[in-house]
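*Asks:* Starting from these lines, generate the structure:
(chains A, B, C and D)
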2 protein chains.
Amino acid sequence: MTHSTGRPLRADARRNYEMLLTAGKAVFARSGTDAPLEDVGKEAGVGRGTLYRHFPSREHLFVAIIEDRVSFLETRARELLGSPDPWQALAAWLRVYDQIATGYRGMSARVGNGLTDDGSPVAAACAPMKASFELLFTRARDAEVIRADVTPVQLLTLVAALPKDPRSDSTIEPYLDIVLSGLRAGGR
Amino acid sequence: MTHSTGRPLRADARRNYEMLLTAGKAVFARSGTDAPLEDVGKEAGVGRGTLYRHFPSREHLFVAIIEDRVSFLETRARELLGSPDPWQALAAWLRVYDQIATGYRGMSARVGNGLTDDGSPVAAACAPMKASFELLFTRARDAEVIRADVTPVQLLTLVAALPKDPRSDSTIEPYLDIVLSGLRAGGR
DNA sequence: ACCTGAACACCGTTCAAGT
DNA sequence: ACCTGAACACCGTTCAAGT
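*Replies:* Predicted coordinates:
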């Protein structure tokens, strides 16, 4: 993945961008998504100013880091649209969506907050994924297999907010099951 | 409510403690539980050092501020133990528990994190409430009206983590319903 | 015994000076 | 056009000097 604007970069600028992205992934994986940005600059071997030139805020760096995961989720949603059972497809996608935050502490909270924060880099980055998910969601709703009083974004927000085990960074066992069971129309 | 140690305080110290508590409630209500502690000291009219003498950390101040709400929840749990329907009693308590975080932005997140953080001031402050809730929980579990794979603390943590409406500081409509429905044994 | 505010630490963000 | 690091801002936390 390269710089988000199509504009060509000078060779050293492009190199710094890549270094920062790699360093960002390492630092966020090690210390979570609230780690000092200073560490990222240091690990990439560039000055503070360079970091802020490429990523004007923590959110911008975060978005660049998770871009591959988000786009994977988008294609996964489209694949699951082809599977026969609307409920199973929806539930399967939500499980992947939940698991994919593993490895970057604080990622799902950041996604959950960003989703409804119009204009934020996270909202922009998640828009395509959200659109694909909505197709999956609407199919389940039309099949009347889920309760009718929840919106697609609310569901994404809810699952992103599920508490994580501090050790594994993954959702503690029964939480997602409870939500999925409660989501299903008339209980399971 | 007064200073947590029984030890008598000098008149000016007691007065400062009360000023800080009042100021803390005002500032947390206005700016959320992440507001600068500096503002609290300023609003109370005392120096930084005085604030840190009475409340060694933000958590200590937070705990003093929510103490009345937590103790209310404890007595409410004991009351509901007297009501006939174990499921209705449990669900009713969880609704109060959820609503009570309204007014201090970030409070429920802080409670949710603190609950499982042994040794934290929040964990200590919530221990009696937790104990009373466990009675309510166990009664429902024994009556087999809730699923068997969730623990009392997990349930408290889950409900505390439900996303809030930034405007109202209260849980967005369908979330608690989904969780309660998913919690009920075999769906509702 | 308690209070005060100066001082330090940490880290996000900006910008003047460089290449 | 881009990089660098000094400088500033913000705020949590400590502590020497007071009363």
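
*Asks:* Test my guess that A:G47 contacts A:G41.
*Replies:* Yes - counting by C-beta atoms under 8 Å, A:G47 touches A:G41, with 6.6 Å between them. Bear in mind the C-beta positions are built from the backbone N, C-alpha and C, glycine included.

*Asks:* Would you mark the buried spots in stretch A:153-161?
*Replies:* For stretch A:153-161, a neighbour-count test (16 or more other C-beta atoms under 10 Å in any protein chain shown) marks A:Q154, A:L155, A:L156, A:T157, A:L158, A:V159, A:A160, A:A161 as buried.

*Asks:* what about the residue of chain A found nearest DNA strand C, how many residues close to it?
*Replies:* Closest residue of chain A to DNA strand C, C-beta to the nearest atom of the strand: A:G49 (3.0 Å). A:G49 sits with 9 neighbouring residues when counted by other C-beta atoms under 10 Å in any protein chain shown.

*Asks:* Would you agree it falls within a helix?
*Replies:* Yes - applying DSSP: H, G, I helix; E, B strand; the rest coil, one finds A:G49 inside a helix.

*Asks:* just so I have it, where are all the helices in chain A?
*Replies:* Using DSSP state H, the helices of chain A run over residues A:11-31, A:37-44, A:48-54, A:58-80, A:86-99, A:107-115, A:121-142, A:152-160, A:173-183.

*Asks:* quick one on the thing from earlier: looking at A:G47 and A:G41 now, which is surrounded by more residues?
*Replies:* Legend: neighbour count by other C-beta under 10 Å for A:G47 and A:G41, higher for A:G41 (22 against 12).

*Asks:* which ones are touching that one?
*Replies:* The contact partners of A:G41, taken as C-beta atoms under 8 Å, 6 or more residues apart in numbering or on different chains, are A:L20, A:A23, A:G47, A:R48, A:T50, A:L51.

*Asks:* circling back: could you dump the helices of chain A into TSV and include mean pLDDT?
*Replies:* Compiled in TSV, the helices of chain A are given as follows (pLDDT from 0 to 100):
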stretch	mean pLDDT
helix A:11-31	94
helix A:37-44	95
helix A:48-54	95
helix A:58-80	97
helix A:86-99	98
helix A:107-115	95
helix A:121-142	97
helix A:152-160	98
helix A:173-183	96
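
*Asks:* how about the residues of chain A that lie near DNA strand D?
*Replies:* A:9-10, A:12-13, A:16, A:45-50, A:53-54 (C-beta under 7 Å from any atom of the strand).

*Asks:* now A:I100, nearest residue through space, not along the chain?
*Replies:* A:R69 (5.2 Å; C-beta to C-beta, 6 or more residues apart in numbering or on different chains).

*Asks:* wait, the one you found sits on A:Q99?
*Replies:* No - between A:R69 and A:Q99 there is no contact under C-beta under 8 Å: 10.3 Å.

*Asks:* quick one on the thing from earlier: in JSON lines: the buried residues of stretch A:153-161, plus distance to DNA strand C.
*Replies:* Converted to JSON lines, the buried residues of stretch A:153-161 look like this (distance: C-beta to the nearest atom of the strand, whole Å):
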{"residue": "A:Q154", "distance to DNA strand C": "29"}
{"residue": "A:L155", "distance to DNA strand C": "30"}
{"residue": "A:L156", "distance to DNA strand C": "26"}
{"residue": "A:T157", "distance to DNA strand C": "24"}
{"residue": "A:L158", "distance to DNA strand C": "28"}
{"residue": "A:V159", "distance to DNA strand C": "27"}
{"residue": "A:A160", "distance to DNA strand C": "22"}
{"residue": "A:A161", "distance to DNA strand C": "23"}
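
*Asks:* which of those residues are close to chain B?
*Replies:* Among the buried residues of stretch A:153-161, the residues lying close to chain B (C-beta under 8 Å from any C-beta of the partner chain) are A:Q154, A:T157, A:L158, A:A161.

*Asks:* Could you measure from the one residue in chain A that gets nearest to DNA strand D over to B:P163?
*Replies:* Nearest residue of chain A to DNA strand D (C-beta to the nearest atom of the strand) works out as A:G49 at 2.3 Å. Relative to B:P163, A:G49 is positioned 36 Å away (C-beta to C-beta, to the nearest Å).

*Asks:* Then A:A29?
*Replies:* Distance, A:A29 to B:P163, by C-beta to C-beta: 25 Å.

*Asks:* Those two - which one has more neighbours?
*Replies:* B:P163 (20 against 16).

*Asks:* List, one by one, the residues from chain A near chain B.
*Replies:* Taking C-beta under 8 Å from any C-beta, the part of chain A that reaches chain B is made up of A:112, A:147, A:149-150, A:154, A:157-158, A:161-163, A:172-175, A:177-184, A:186-188.

*Asks:* Buried subset of the residues you listed, written for PyMOL?
*Replies:* A single PyMOL command selects the buried members of the residues of chain A next to chain B (16+ other C-beta under 10 Å):
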select buried, chain A and resi 112+147+150+154+157+158+161+162+163+172+174+175+177+178+179+180+181+182+183+184
